[in-house]
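> quick one, what's the 3D model for this:
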Amino acid sequence: MSIGIYDSGLGGLSVWRELRSKIRAPLVYFGDTAHLPYGDKSPEQLREYFRASLAFLESRGCQFIVVACNTTSSVVLPKIKHLLRLPVVGMIEGAVEAVCSAGGRRIGVLATQATAASGVYQNALGDALPGSEVLVQGAPELVPLVEAGEISGPKARTALEKYMEPLLAQGIDSLLLGCTHYSFLAEPITQLLGGEVRLIDPAPAVAGQVQAAWPGAEVSGAETEFWVSAQPKKFKATAELILGEVLPPVYLKMPGEEGS
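Reported below is the predicted structural model:
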C-alpha cells in the first residue's frame, strides 16, 4: 500500500519531509506543475486538477491520499471529500490542531488568494477557538518565489514585508503558514517576526494525522516516487536547492496517462 502526496508544485515537500520521518511506507509525490500557481484558479479548475491528479495517484497504486495543498484543501475537499473512495487527509484539520496547540488568540494567516477568499481558516479557527480573532492575508507573490528557489534574499524579504506588515500592525500573537510553499520561507519570516510572534507550520501536525490514520504496515527502507505534470528537471533542481538534499529521479506524467 502506497501513500500519495499531492500539491501544485514544490510546497507539498514540506509535508513529505515530515511524513517520511514518521511512516516507513512507499510514497508517491505528484506536483501538478503544469497548472501552478493554484491560488489564482477558479473552483472549477481546481476540482478538475484534483480529479485528474487523484486518478493518476490511484494508477500508481496509492490507497491513501495526502492533499498537501491548502488551496485544494480549502476550496475542493469540503465539497467532495464525502464522495471520494480513498481515505484523504487535507491541510486544514492539521493546521487547526497546530494553532490550538500553540494557544494563540489573535492569529494571522498567510495564504494564497483562493484560500483567503474561501473563508475556511476564519471559520475553522473560529469554531475551534471561540473568542479568538483570525486575520487572513492573501500573499500571491510567495508561491512563485519558492518555485523559483528564491527562499532568501531581498526579493523574498520585500514580498514578505508587504504581506506581513498589515498582520503585525494588528497585533497578532501567532502566524500560521496557510500554504505549504511558505514553509520554505520560514527563515526570513522568523527574522521579520522578531521573536515576539509564534510561527506555526502545520506540516508536522498534518504528518502526525496521517500517521494516526495510516492503515498499512511499515515497510522498511521504502522510497518515494516523484512525478510532475511539467518541467521535471526544473522541479528536481529547485527541490534539491530548497531541501538541501539530493532527490531520486523525477518523472514526467505524460498527456494521455491515467488521470490526464
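
> what ranges do the strands span in this protein?
Secondary structure of the chain (DSSP state E): strands at 2-7, 27-31, 62-67, 88-89, 106-111, 133-138, 174-178, 198-200, 224-228, 250-252.

> any idea how far the shortest one is from the chain center?
So the one you mean is strand 88-89. 13 Å (Cα atoms, centre = their mean, to the nearest Å).

> who does that strand pair with, and is each partner parallel or antiparallel?
Strand 88-89 has its sheet partners listed here by DSSP bridges as strand 62-67 (parallel).

> try the last one
Each strand that strand 250-252 pairs with, and the sense of that pairing, follows from DSSP bridges: strand 224-228 (parallel).

> about what we covered before: nearest to Ala159, of the strands of the chain?
strand 106-111 (10.6 Å; Cβ to Cβ). C-beta: built from backbone N, CA, C; applies to glycine.

> compute the inter-axis angle for the closest one and strand 174-178.
Here strand 106-111 runs at an angle of 20 degrees relative to strand 174-178 (axes from the mean of the first three to the mean of the last three Cα atoms, to 10 degrees).

> on that earlier part again, how about CSV for the strands of the chain, with distance to Gly244, mean neighbour count and mean pLDDT added?
Below are these laid out as CSV (distance: least, Cβ to Cβ, whole Å; neighbours: other Cβ atoms under 10 Å; pLDDT from 0 to 100):
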stretch, distance to Gly244, mean neighbour count, mean pLDDT
strand 2-7, 19, 26, 96
strand 27-31, 17, 25, 97
strand 62-67, 22, 24, 96
strand 88-89, 26, 22, 96
strand 106-111, 23, 24, 97
strand 133-138, 28, 19, 97
strand 174-178, 19, 26, 98
strand 198-200, 19, 18, 97
strand 224-228, 16, 21, 97
strand 250-252, 17, 17, 98
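
> how far off centre is stretch 150-158?
Distance, centroid of stretch 150-158 to centroid of chain: 20 Å (Cα atoms, centre = their mean).

> contact partners of that stretch?
Stretch 150-158 is touched from outside by Leu145, Phe184, Leu185, Glu187, Pro188, Leu192, Ile242, with contacts defined as Cβ atoms under 8 Å, 6 or more residues apart in numbering.

> start to end distance for that stretch?
12 Å (Cα to Cα, to the nearest Å).

> next one: the residue positioned nearest the centre of the chain from Leu199, what distance?
Among the residues of the chain, the one closest to the centroid is Thr180, at 3.0 Å (Cα atoms, centre = their mean). Using Cβ to Cβ, to the nearest Å, we find Thr180 at a distance of 14 Å from Leu199.

> distance to Ala212 for the strands of the chain - can I get that in TSV?
Output for the strands of the chain, formatted as TSV (distance: least, Cβ to Cβ, whole Å):
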stretch	distance to Ala212
strand 2-7	13
strand 27-31	17
strand 62-67	12
strand 88-89	9
strand 106-111	24
strand 133-138	26
strand 174-178	21
strand 198-200	19
strand 224-228	21
strand 250-252	29
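
> how about those strands, which one is nearest Tyr163?
Using Cβ to Cβ, the nearest of these to Tyr163 is strand 133-138, at 5.3 Å.

> distance between the closest one and the chain's centre?
Centre-to-centre, strand 133-138 and its host chain are 18 Å apart (Cα atoms, centre = their mean).

> report all helices and strands that it contacts.
Contacts defined by 3 or more Cβ pairs under 8 Å, 6 or more residues apart in numbering; DSSP states H and E place strand 133-138 against strand 106-111, helix 113-118, helix 120-128, helix 154-169.

> mind listing the strands that strand pairs with, and their directions?
Partners of strand 133-138 in its sheet, by DSSP bridges: strand 106-111 (parallel).

> which residues are in contact with the partner strand?
70, 74, 99, 116, 121, 125, 129, 132-139, 142, 163-164, 167-168, 170-179, 182, 197.
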